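Enquirer: sequence and computational prediction follow.
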Amino acid sequence: MFVGSIFIATNLSVQNVIARTNITTRNDIAGTNQSGAATTAATSNNTLTSNATSIEKLNVVTSVSPITNIVKNVGGEKITLTGLIPEGVNSHTFELVPSDVVKVNDADLVIIDGLGLEVNVKDVVDQTQNTNPDLQILKLGDNSITPDQYVFDFSFPEEAGDPNPHLWLNVLYAMKFANLTRDKLVEMDSTNEDYYTENTNRYIAKLEQLDEGIMKAVQTVPEENRKLLTFHDSWAYFAPRYGMVVIGAIQPSDFGQPTPREVANLIDQIKAENVPVIFGSEVFPTEVVDQIANEANVRMVGTLSDDDLPGDPGDSQNSYVGMMLENMKNMLVPLGGNVIALSNIDPADTFSSG
Ligand SMILES: [Zn+2]
């Protein structure tokens, strides 16, 4: 079962306070859509594998690292996988260089979050489809929630049109992403149906373990501390799943800096909410978070990540699961909890090598 948008607004009386997450939903849009060409069998490019049998693999291009890693755990060794958005790069404003455009042109399938996150990738796919109608696109986010479940808030205001896109920080949506990926790969490459299905089953079992572990770990945080005030507004779908409340985000919708007045309001709010720690972001280092933490006399933790995987490629923790484990350590321990419930979870990828 997927949780809907159950959000608790903060009880601040000041209007227009930056930190208040104004959660609204909208019901005025038709259901989800998944653009893309008709469902044809895989007409894969001439992507040759390194082994002598030269089996043609589906050429799959993805956007942010967590999605790349989820797709990897489903497609494993039967797809050629290229992630476009480098680690540490702002995925919200990412622009493709010419070599990225070539990667999209050569792809059979492009998998993105959607929900307005990777607009530049989507534009290149649209252009490519004019000359290559076989290129397919799978928007995981758009196919996981309906518009009535969209979350709009300070950093992603409804008037700008695009909801908060960070679905994957709620592990249930990561499972949904894996299932959607499996369905698409099976549709395009049915020869490997069993392989994709078995990989997905194994991976979902790990994600269930992760989901349950996070649930338990959050319970170790004193109830009055289960509040998140972050610079980058990534936790809108995580919080309601795991019993936390996003009391605010600092980053304006243009990804700039808040005004002095907004900063002052945030400081007041932190004092009123009595939170022990506020959270910065590695991708968006900014002095303003330190300044707010100093003036509100709370700790600042700057290591939460929504799309940067920990470690280096090849490390077992360089995975979506590894990122979530790292996030939980960096989030829950400073809030007064522990991550013992997560200590037995192996972050390593689970796809089969055969
Ligand atoms: Zn983000």
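Expert: Arrived safely, thanks for sending.

Enquirer: surely Leu172 touches Phe238?
Expert: No. Counting by C-beta atoms under 8 Å, Phe238 is not a contact partner of Leu172; they are 10.0 Å apart. Using the backbone N, CA and C atoms, a C-beta is placed for each residue, glycine as well.

Enquirer: neighbour count: the two, which is higher?
Expert: For Leu172 versus Phe238, neighbours defined as other C-beta atoms under 10 Å are more numerous around Phe238 (24 against 18).

Enquirer: contacts only, for the residue lying closest to that one once chain neighbours are set aside.
Expert: Leaving aside its chain neighbours, Phe238 sits nearest to Leu169 (4.1 Å; criterion: C-beta to C-beta, 6 or more residues apart in numbering). When contacts are counted by C-beta atoms under 8 Å, 6 or more residues apart in numbering, Leu169 touches Ser234, Trp235, Tyr237, Phe238, Asp306, Met324, Asn327.

Enquirer: burial of Asp275, as a residue count?
Expert: One correction, residue 275 is Val, not Asp. Val275, neighbours per other C-beta under 10 Å, totals 22.

Enquirer: mind listing what the residue nearest to it when sequence neighbours are not counted touches?
Expert: Leaving aside its chain neighbours, Val275 sits nearest to Lys227 (5.1 Å; criterion: C-beta to C-beta, 6+ apart). By C-beta under 8 Å, 6+ apart, Lys227 lies in contact with Met244, Val245, Val246, Ile247, Glu273, Val275, Leu335.

Enquirer: could you pull out the strands for the stretch 101-250 of the chain?
Expert: For the stretch 101-250 of the chain, applying DSSP state E, counting those that start in this stretch gives strands covering 109-112, 136-139, 227-230, 245-249.

Enquirer: turn those into JSON lines, columns for distance to Gln129 and mean pLDDT.
Expert: Listed next are those as JSON lines, based on distance: least, C-beta to C-beta, whole Å; pLDDT from 0 to 100:
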{"stretch": "strand 109-112", "distance to Gln129": "10", "mean pLDDT": "98"}
{"stretch": "strand 136-139", "distance to Gln129": "8", "mean pLDDT": "98"}
{"stretch": "strand 227-230", "distance to Gln129": "36", "mean pLDDT": "95"}
{"stretch": "strand 245-249", "distance to Gln129": "35", "mean pLDDT": "92"}
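
Enquirer: what's the closest of these to Ser353?
Expert: Smallest distance to Ser353 across the strands of the stretch 101-250 of the chain (C-beta to C-beta): 21.7 Å, for strand 109-112.

Enquirer: for that closest one, packing partners?
Expert: On a contact count with 3 or more C-beta pairs under 8 Å, 6 or more residues apart in numbering; DSSP states H and E, strand 109-112 meets strand 58-62, helix 65-75, helix 119-131, strand 136-139, helix 171-188.

Enquirer: swap in 10 Å and give it another go.
Expert: Secondary-structure packing of strand 109-112 (3 or more C-beta pairs under 10 Å, 6 or more residues apart in numbering; DSSP states H and E): strand 58-62, helix 65-75, strand 79-83, helix 119-131, strand 136-139, helix 171-188.
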